[in-house]
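Visitor: would you be able to build a 3D model of this:
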Amino acid sequence: MDRAANPDDTAPFEEMKKLAYDINPRDTLGVMKTFSIALNLVNAAEVHHRIRLVRVSELKDDVNHIGPLPMVEDSIRGTMEILLEGDCDDKDKLFERLTTQKCEIVLTAHPTEVNRKTIISKYRKISELLAYMERPDLHPFERAEAVNNLRGIISAIWGADEIRRVKPTVQKEAAGGCAVIESVLWDAVPSYLRKLDAQCRVTLGKKFPVDATPIKFASWIGGDRDGNPNCTPEVTLEVVTRQRLRAAKMFLNDLNMLYSELAISSRFSKELEALAASVKKSDDNREKYRRVIGHLRRRLVRTVKECEAKLHTLTDTSEDVEPIIKSEELMTPLRIMYDSLVETGFELVADGHVSDIIRRVAVFGMTLVPLDIREESTRHTIAIDAITRHLGIGSYKEWDEEARLNWLQSELNNKRPLFRIRDIEDNLLGLDPDNRKTLMVFKVASELDSESLGAYVISQANTASDVLLVMLLQKQFGMTEKNGKLMRVVPLFETLTDLTNSPAQLERLFSITNYLGAINGKQEVMVGYSDSAKDAGRLAACWAQYTAQEAMANVADRYGVELTFFHGKGGTVGRGGNPALYRAILSHPPNTINGRFRVTEQGEMIRQNFGSLEIAERTLDIYTAALLRESFTKRVEPKQEWRDQMERVSEVSCAAYRHTVRDDPRFVPYFRQATPELELGRLNIGSRPAKRNPKGGVDSLRAIPWTFAWAQTRMHLSAWLGVGDGLRSDVSDQCRYMKTLQEMYEQWPWFREIISLISMLVSKTDFSITKNYDDLLVDSNLRSLGDEVRNKLVETRQAVIDVSGATDISGPHVQLMRASSTIRNPYVDSINVVQAEILKVLR
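Guide: Predicted structure coming up:
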């Protein structure tokens, strides 16, 4: 039943509650599974429909069919047209920026994807079948077969278990990340880059370089140790080895195909002739491309065997060729072959599979994705403290910041090691198991090829010494710039306090001459979105992120450092996400991207943005277009009056948020009773615990289950609490205060995007649903808090309407959402009502 048609009529909801109460417990699972499958089928159909709409719009007679990419604003084609007509009429400048900009998407295994990989693949197959069935040339028998296949897949979904019964291991999570690359991105990346090349030729008159990489990928899966005791050094080594194994096997398949294609026995470049002559063993004397490819295949076979040996599946790796370790070992001969084909008149051949493989090597390398390592700063502090005490130097933990920095600089300049690695291996330093694991990660990293690793991210980083300590630990394990194994050290600023202090911490780091020299003028900083919002509320977190990035960029400019921001965003709005990716990138503070952008892609967002070839290509196109547009578009610099207003809004909203979440003694018990937070912690969603400290309260709860729990009850509290107070601050001139906010909404894209997203989340809340959870699950003495929170929601809803000038909660995000909500909400409402009944029984 659709309650949206007449929201004032409570009868349908009361009837729904009665049905939920009366349903036989044995039938509950079947009913809910039916609704869940129905919702997922709607999602699969919507994925197909999104792709179809783009194709239909491009096939209209009045559309200019110049170039293969869609003529929409958030495509590279539309962006080029907009820029050439306005902010940049120089095609050479556009081309130079496009070929040098860098966007790195970091895949993570954050536990927001509840569906099994097996089930996800079935829904993807449904989307593919829907596309297949629209082919106009299908024979009636082929169409009937497709319908039968569709029914068969739905039947298989019905018979399968939708949720995991066993908690996934880190290795399985990493395998899931590899599966996305293998099943989608391996083809989507070269396919998109071919289209980008074609678009550049048409619009800019230039060929896109075959080895340019505007988009790259990295991963945290297997390296994210923050709060996850299951991510051990041994697991990290296994994940990296398995990724290298998969890369070698996939490149071997590519070269097998290329070997069949390049049976050319005449006309070679001199460089290709020399390369072929260097191959000692080969039967392909006249077919020199095959001679080179055959040698590369043998080396890849050796690489496969070596990886399998490390995984203890084989023991004999004796070969007369060396394995391929560096991607350059594969790239160089491929480029020589490509250039030879172009030089000798076979350019069409060169721009086929050869260019595809070159682009895969450029993007994925021999490791598929470089692996970041993340660890909490206190783990390093505790480990080094144990060592300094054992060595009789004193307690590192008890030293103040200046003492730590002085000692760290001294040790970094000292040629002798602080300790011997074998003393850790032999446990001669008196370290407990946790401290040994913290340090052994560096040993594993030091033994891996440099291309296997990306950044070393320090969570809860709040001092300059946190960064220098990781630099010292790398030095102790032989990870130096000279041998190419020095990982870039990335502090993660995630709480309101850390974000506020981040510019000063960068200033302190850059003032250290040796540090400035060690980073070669480049620094990466990670901005945390989830934890800052949980710490201070949505508005205060957003403003802190904005001002911190501005200030850090200014510090970097003063020291001549190229600063790259790594954005730790989740999929939900409460965790920094934004469904309008293009606008989200354009709304970042001015001069903080500059063609360099790094961002996490988490959990269910990997499936949403990279679940099929067409959707993945569209996502890559949006990222590429947004970075190009951001580089040339004249940005709105906020007036001082707007800044002052945001300071006031931030202060008031943060105080209101913390008054409820931190200061009200009723809140924690209310949260645990009104939401399925405790039950969610028992789900087998991810490999890491839901809490950093199992005995802690909300502060120790991770941002993901915090947001997830409120989303389950349709309250979405984490995205809006405190907003209404901030927008309706108690000031003497309320009229002027609101008028300034309205001006900010009209003229400042960043502020407008923030308010639009809050508007969308507020429109998703449901009073009847949330109150039903309270009525069934919350103690009578705590229900008053639920009423107070819902009253705040009413105030927030009205405040957003007042600021935006809308007569209803609306905006671009809401308009996109309404049509699908009409279909989904009747199912979701029922699931919510039944879930509340089940929770009541379980408790």
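Visitor: most centrally placed residue in this protein?
Guide: The chain has Glu601 as the residue nearest its centroid, 1.5 Å off, counting by C-alpha atoms, centre = their mean.
Visitor: look up how far Tyr289 lies from Leu341.
Guide: The gap separating Leu341 from Tyr289 is 8 Å, by C-beta to C-beta, to the nearest Å. All C-beta spots, glycine's among them, are computed from the backbone N, C-alpha and C.
Visitor: and if you look at Thr381?
Guide: Distance, Thr381 to Tyr289, by C-beta to C-beta: 56 Å.
Visitor: what's the answer for Asp775, then?
Guide: Distance from Asp775 to Tyr289, by C-beta to C-beta: 73 Å.
Visitor: so for those two, which sits in the more crowded spot?
Guide: Tyr289 (27 against 14; other C-beta atoms under 10 Å).
Visitor: now that one: which helix or strand?
Guide: helix 288-310 (DSSP states H and E).
Visitor: show me which residues of the helix or strand following that helix are buried.
Guide: Sequence-wise, the next helix or strand beyond helix 288-310 is helix 328-343, with elements assigned using DSSP H and E. Residues 329-331, 333-338, 340-343 are the ones in helix 328-343 that count as buried (16 or more other C-beta atoms under 10 Å).
Visitor: before we move on, the earlier item: ok, and for the helix holding Tyr289, which residues are buried?
Guide: Quick answer for helix 288-310 (16+ other C-beta under 10 Å): 288-308, 310.
Visitor: that helix to helix 328-343, inter-axis angle?
Guide: Angle, helix 288-310 to helix 328-343, by axes from the mean of the first three to the mean of the last three C-alpha atoms, to 10 degrees: 160 degrees.
Visitor: by mean pLDDT, flag the weakest helix or strand of the chain.
Guide: Least confident helix or strand of the chain, by mean pLDDT, DSSP states H and E, is helix 812-842 with a mean of 76.
Visitor: for the helix or strand containing Asn501, what is the average pLDDT?
Guide: Using DSSP H and E, Asn501 sits within helix 496-510. For helix 496-510, the mean per-residue pLDDT is 96.
Visitor: what packs against that helix?
Guide: When contacts are defined as 3 or more C-beta pairs under 8 Å, 6 or more residues apart in numbering; DSSP states H and E, helix 496-510 packs onto helix 464-476, strand 488-493, strand 522-528, helix 530-536, helix 538-558.
Visitor: so after that helix, what's the next helix or strand?
Guide: Once the chain leaves helix 496-510, the next helix or strand it forms, by DSSP H and E, is helix 513-518.
Visitor: give me the contacts around that next one.
Guide: Gln409, Leu412, Asn413, Val467, Leu468, Met471, Glu481, Leu486, Leu509, Phe510, Tyr559, Val561 (C-beta atoms under 8 Å, 6 or more residues apart in numbering).
Visitor: now it, how far from the chain's geometric center?
Guide: 30 Å (C-alpha atoms, centre = their mean, to the nearest Å).
Visitor: send me that helix as PDB with only the CA atoms.
Guide: Output of helix 513-518 as PDB, limited to C-alpha atoms (Å, rounded to 0.1, in the frame of the first residue of the first chain):
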ATOM      1  CA  THR A 513      63.900  20.600   6.500                       C
ATOM      2  CA  ASN A 514      64.700  16.900   6.300                       C
ATOM      3  CA  TYR A 515      61.000  15.900   6.000                       C
ATOM      4  CA  LEU A 516      60.400  18.400   3.300                       C
ATOM      5  CA  GLY A 517      63.400  16.900   1.400                       C
ATOM      6  CA  ALA A 518      62.200  13.400   2.000                       C
END
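Visitor: could you dump the helices and strands packed on helix 496-510 to a markdown table with mean pLDDT?
Guide: What follows is these, written out as a markdown table (pLDDT from 0 to 100):
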| stretch | mean pLDDT |
| --- | --- |
| helix 464-476 | 97 |
| strand 488-493 | 97 |
| strand 522-528 | 96 |
| helix 530-536 | 86 |
| helix 538-558 | 96 |
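Visitor: export the ones you listed to CSV and append columns for distance to Lys122 and mean neighbour count.
Guide: Formatted as CSV, the helices and strands packed on helix 496-510 follow (distance: least, C-beta to C-beta, whole Å; neighbours: other C-beta atoms under 10 Å):
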stretch, distance to Lys122, mean neighbour count
helix 464-476, 43, 23
strand 488-493, 37, 24
strand 522-528, 35, 22
helix 530-536, 30, 26
helix 538-558, 36, 22
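Visitor: could I get these as TSV with distance to Ile126?
Guide: Shown next, in TSV, are the helices and strands packed on helix 496-510 (distance: least, C-beta to C-beta, whole Å):
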stretch	distance to Ile126
helix 464-476	46
strand 488-493	39
strand 522-528	36
helix 530-536	32
helix 538-558	36
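Visitor: quick one: closest of those to Gly568.
Guide: strand 522-528 (4.9 Å; C-beta to C-beta).
Visitor: burial count for Lys102?
Guide: The burial count for Lys102: 14, using other C-beta under 10 Å.
Visitor: and if you look at Glu58?
Guide: Close neighbours of Glu58, defined as other C-beta under 10 Å, add up to 16.
Visitor: what's the answer for Asp774, then?
Guide: By the criterion of other C-beta under 10 Å, Asp774 has 24 neighbours.
Visitor: surely it is within a helix?
Guide: Yes: assessed with DSSP: H, G, I helix; E, B strand; the rest coil, Asp774 lies in a helix.
Visitor: so it sits right up against Phe671, yeah?
Guide: No: counting by C-beta atoms under 8 Å, Asp774 does not reach Phe671; the two are 11.6 Å apart.
Visitor: the closest residue to Asp498 other than its chain neighbours in helix, strand or coil?
Guide: Using C-beta to C-beta, 6 or more residues apart in numbering and skipping residues adjacent in sequence, the residue nearest Asp498 is Asn462, 5.0 Å away. Assigned with three-state DSSP, Asn462 falls in the coil class.
Visitor: and if you look at Val106?
Guide: Under three-state DSSP, the three-state class of Val106 is strand.
Visitor: what residues are bridge-paired with Tyr566?
Guide: Slight slip there: residue 566 is Phe, not Tyr. Met526, Arg598 (DSSP bridges).
Visitor: longest helix in this structure, by number of residues?
Guide: Using DSSP state H to assign secondary structure, the helix with the most residues in the chain is helix 25-58.
Visitor: now do that one: which elements does it pack against?
Guide: Applying 3+ C-beta pairs under 8 Å, 6+ apart, one finds that helix 25-58 contacts helix 117-133, helix 140-159, helix 613-632, helix 812-842.
Visitor: for Glu85, which of those is the nearest?
Guide: Here helix 613-632 is closest among the helices and strands packed on helix 25-58 (C-beta to C-beta), at 11.7 Å.
Visitor: follow-up on the earlier one: count of residues packed around the residue nearest to the residue nearest to the centre of the chain when sequence neighbours are not counted?
Guide: Distance criterion C-beta to C-beta, 6+ apart; nearest residue to Glu601, sequence neighbours excluded, is Ile105 at 5.1 Å. Counted with other C-beta under 10 Å, the neighbours of Ile105 add up to 22.
Visitor: cool, and Phe477?
Guide: 21.
Visitor: isn't Ile153 right up against Arg124?
Guide: No: using C-beta under 8 Å as the test, Ile153 is too far from Arg124 to be in contact (10.1 Å).
Visitor: so where's the stretch 251-400 of the chain uncertain?
Guide: 284, 313-319 (pLDDT under 70).
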